[in-house]
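[1] Below is the sequence, then the predicted model.
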Amino acid sequence: MERTFVIIKPDAVQRGLIGEIVARFERRGLKIVGMKFMQVSEELARQHYAVHEGRPFFNGLIQYIISAPVVAMVLEGTNAIAAVRKTLGATKPAEAELGTIRADFGLEIGRNLVHGSDGPDTAASEIALWFGEDLVSWGRASDPWIFE
Ligand code: DAT
Ligand code: MG
């Protein structure tokens, strides 16, 4: 069982897409073990996106993620990291596969609606950064019908 970190970004929140996006993760079988509605501080944004510091889009990226509230989530499931990335679609919505969140709701890279950790190391560090130990391990009634 793997855990991954997701952000429903400000554009998705402003567009009333929280429910739509959460529903896609739920129906895929991913289990919510952490979830909070929050305003991101510039300090947290800079830590989260530290890998992109110095790139031309960095300041715009920070301003975007702190511009309005987000929903931060931790999702658990078999191969959760890859499953979430597939569910999000490619970074550039114009290149994302139809049926993915970014293709179905987006057009531009700077308004791509969602974040998902890109590997085990980033998942671990992002979960620690955003949630610390504040996660809920729980038995879901449908678990045996989703996890073999
Ligand atoms: P992803 O969000 O798919 O993991 P990433 O980690 O490479 O993509 O980049 C983080 C975010 O930064 C991405 O969601 C949108 C923005 N971004 C990345 N590359 C960009 C670029 N060339 N121009 C503008 N924004 C970019
Ligand atoms: Mg990334």
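    Here it is on my side, so go on. Ligands and ions are numbered 1, 2, ... in the order given.

[2] alpha carbons only for contacts and neighbour counts from here, please
    Will do.

[3] Now do the residue of the chain found nearest ligand 1: how many residues are near it, please.
    At 3.7 Å from ligand 1, Thr91 is the closest residue in the chain, using CA to the nearest ligand atom. Neighbourhood size, Thr91 [other CA atoms under 10 Å]: 19.

[4] same thing with Met1?
    8.

[5] picking that back up, for the residue of the chain closest to ligand 1, which residues are in contact?
    Applying CA atoms under 8 Å, 6 or more residues apart in numbering, we find Thr91 in contact with 102, 109, 112.

[6] Can you say which of those are buried?
    102, 112 (16 or more other CA atoms under 10 Å).

[7] and the gap between the residue of the chain closest to ligand 1 and Ile32?
    Separation of Thr91 from Ile32 (CA to CA, to the nearest Å): 23 Å.

[8] returning to that earlier point: let me know the secondary structure of the residue of the chain closest to ligand 1.
    coil (DSSP: H, G, I helix; E, B strand; the rest coil).

[9] and the chain, which residues reach ligand 1?
    The interface of the chain toward ligand 1, taken as CA under 6 Å from any ligand atom, is made up of 57, 91, 109-110, 115, 118.

[10] Swap in 8 Å and give it another go.
    Counting by CA under 8 Å from any ligand atom, the residues of the chain lying close to ligand 1 are 49, 52, 56-58, 60-61, 85, 89-92, 109-112, 114-118.

[11] Could you tell me which of those residues belong to strands?
    Of the positions in the residues of the chain next to ligand 1, 114-116 sit in strands, assigned by DSSP state E.

[12] give the contact list for the residue nearest the centre of the chain.
    Note on the chain: the residue nearest the mean C-alpha position is Val6, at 2.0 Å, using CA atoms, centre = their mean. Residues near Val6 by CA under 8 Å, 6+ apart: 72-75, 114-117.

[13] Tell me the secondary structure at it.
    Following three-state DSSP, the label given to Val6 is strand.

[14] Tell me the predicted confidence for it.
    Per-residue confidence at Val6 stands at 99 (pLDDT).

[15] Distance-wise, check it relative to Glu148.
    24 Å.

[16] got it, and Ile127?
    25 Å.
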